[in-house]
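[1] Next one to model:
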Amino acid sequence: MFESKPPHPSGVCGILVTYNPSKELGSNIASLSSMVPHVIIVDNNSVPEKLRWIGSIKSKRIEIFRNPRNLGIAAALNQGLRRAIELGYSWGITLDQDSRPAAGMVAQLCDAYAQTKDPERIAILAPRIFNRGLDKPTYYLRPRFGPFYERAYCDTGILESVSTVITSGSMLDLRIFQKLGGYREDFFMDFVDTEYCLRVLKSGYKIAVACEARLEHALGQRREVRVFGLRFYPTFHPPQRWYTISRNRIVMLRTYALRFPHWFTYEIVASLYTLARMLLAEDDRLAKLRAVWRGILDGLRGKIGQGP
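    Okay, here's the model as predicted:
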């Protein structure tokens with residue numbers, strides 16, 4: 001391993017990927033740019049109206065790149081993070097277009113670094129996630145023994161030995177990012193964050209969550225639905241997302257199931273639950289089931305990329 005540089009807000013670059021964003025993007029960018037010296041926006045070929053609006057954001061601290069087509073979240077993140085490396089930054093913080101960091105989030109992540117065990121092995125520091133519009137806490141996957149896992153609640157202090165975190169709000173050590181080769185671009189979008197996290201752990205590095213750093217996040221069209229008196233929180237993803245989720249899950253299971261048996265157990269349980277939740281609470285179920293089946297077949301064949 002090589003020596004990592006402790007993070008400081010002045011050495012953190014913000015990276016934000018856009019694709020047909022809503023107007024709330026402006027306030028999300030303002031929140032991020034108040035905490036870091038530079039923000040890189042990578043647009044994945046938004047429609048002209050959205051592109052003009054993104055281009056109207058004028059600031060010396062904001063740099064905008066426009067892709068001629070949608071390259072996927074992984075490729076866009078890699079573009080932004082590699083640009084941050086070119087600019088001399090040691091750490092990069094990635095943000096979804098519909099996520100908003102709470103005041104002081106970046107400074108709190110930086111402060112948490114020194115409080116972790118073996119800080120030089122920390123590859124990712126993540127904030128505590130609050131899902132917008134849902135009265136539902138976020139739990140973090142951690143191993144117990146063998147194929148068993150726990151879903152740990154994060155309240156105060158530092159939560160270590162975390163297996164996976166989402167890309168939004170994650171602060172990455174760019175030296176480790178460069179060494180590991182970045183995000184896997186042929187995944188296009190789904191499981192991009194999980195794959196990188198498991199590769200981080202496989203390489204001997206660590207992931208931690210700073211519980212007092214907060215990020216407001218939205219996942220799809222997620223909202224509460226009651227069925228037979230039970231509460232569910234479906235994502236209402238379109239069939240295309242069900243295809244990539246199912247396809248990339250198969251590739252992930254083939255790659256990491258033996259190396260991380262606790263994650264394998266969790267993923268099987270989670271996939272069955274989300275499928276049942278979709279069948280109980282969502283619309284357009286037949287089309288989504290077909291997309292799931294196509295995704296499984298293509299995953300078994302090793303056919304990946306953007307997809308149909």
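[2] Wasn't His31 part of a helix?
    Quick fix: residue 31 is Ser, not His. Yes - counting by DSSP: H, G, I helix; E, B strand; the rest coil, Ser31 is part of a helix.
[3] I figured Ala74 was touching Gly181, is that so?
    No - the pair Ala74 / Gly181 is not scored as a contact, 11.2 Å apart, by Cβ atoms under 8 Å. The way it works is simple: take the backbone N, C-alpha and C, and place the C-beta from them, glycine included.
[4] So if I had to pick from these two, which one is more boxed in?
    Between Ala74 and Gly181, Ala74 has the larger neighbour count (other Cβ atoms under 10 Å), namely 24 against 11.
[5] Kindly provide the distance from that one to Glu49.
    Ala74 sits 26 Å away from Glu49, going by Cβ to Cβ, to the nearest Å.
[6] With Val39 instead?
    Distance of Val39 to Glu49, given as Cβ to Cβ: 22 Å.
[7] higher neighbour count, those two?
    Neighbour tally, Val39 and Glu49, criterion other Cβ under 10 Å: the higher count belongs to Val39, 24 against 9.
[8] wait, is the more buried one part of a strand?
    Yes - with three-state DSSP as the criterion, Val39 is located in a strand.
[9] Quickly list what it is bridged to.
    According to DSSP bridges, the partner residues bridging Val39 are Gly14, Ile62.
[10] residues in contact with it?
    Cys13, Gly14, Ile15, Leu16, Ile29, Leu32, Ser33, Arg61, Ile62, Glu63 (Cβ atoms under 8 Å, 6 or more residues apart in numbering).
[11] three-state assignment of Arg69?
    Secondary structure, three-state DSSP: Arg69 is coil.
[12] now the residue nearest to it when sequence neighbours are not counted: how far from Arg52?
    In space, and not counting its chain neighbours, Arg69 is closest to Asn45: 5.0 Å by Cβ to Cβ, 6 or more residues apart in numbering. From Asn45 over to Arg52 the distance is 14 Å, taken as Cβ to Cβ.
[13] Give me the more crowded residue out of those two.
    Between Asn45 and Arg52, counting by other Cβ under 10 Å, Asn45 is the more crowded of the two (16 against 10).
[14] Next, the contact list for the more buried one, please.
    Tyr19, Arg66, Asn67, Pro68, Arg69, Asn70.
[15] And the pLDDT at it?
    Looking at Asn45, its pLDDT is 92.
[16] So it: helix, strand or coil?
    Asn45 is classified as coil under three-state DSSP.
[17] Strands of the stretch 1-150 of the chain, start to end?
    12-18, 38-43, 62-66, 91-96, 100-101, 122-131, 139-143, 149-153 (DSSP state E, counting those that start in this stretch).
[18] what's the first-to-last distance across stretch 167-181?
    Start and end residues of stretch 167-181 are separated by 16 Å (Cα to Cα, to the nearest Å).
[19] average pLDDT across it?
    The average pLDDT within stretch 167-181 is 96.
[20] Please point out which parts of that stretch sit buried.
    By neighbour count on 16 or more other Cβ atoms under 10 Å, the buried set for stretch 167-181 is Thr167, Ser168, Gly169, Ser170, Met171, Leu172, Asp173, Leu174, Arg175, Ile176, Phe177, Leu180.
[21] Just flag the most distant two among these.
    The most widely separated members of the buried residues of stretch 167-181, counting by Cβ to Cβ, are Ser168 and Arg175 (21.7 Å).
[22] Fine, thanks again, bye for now.
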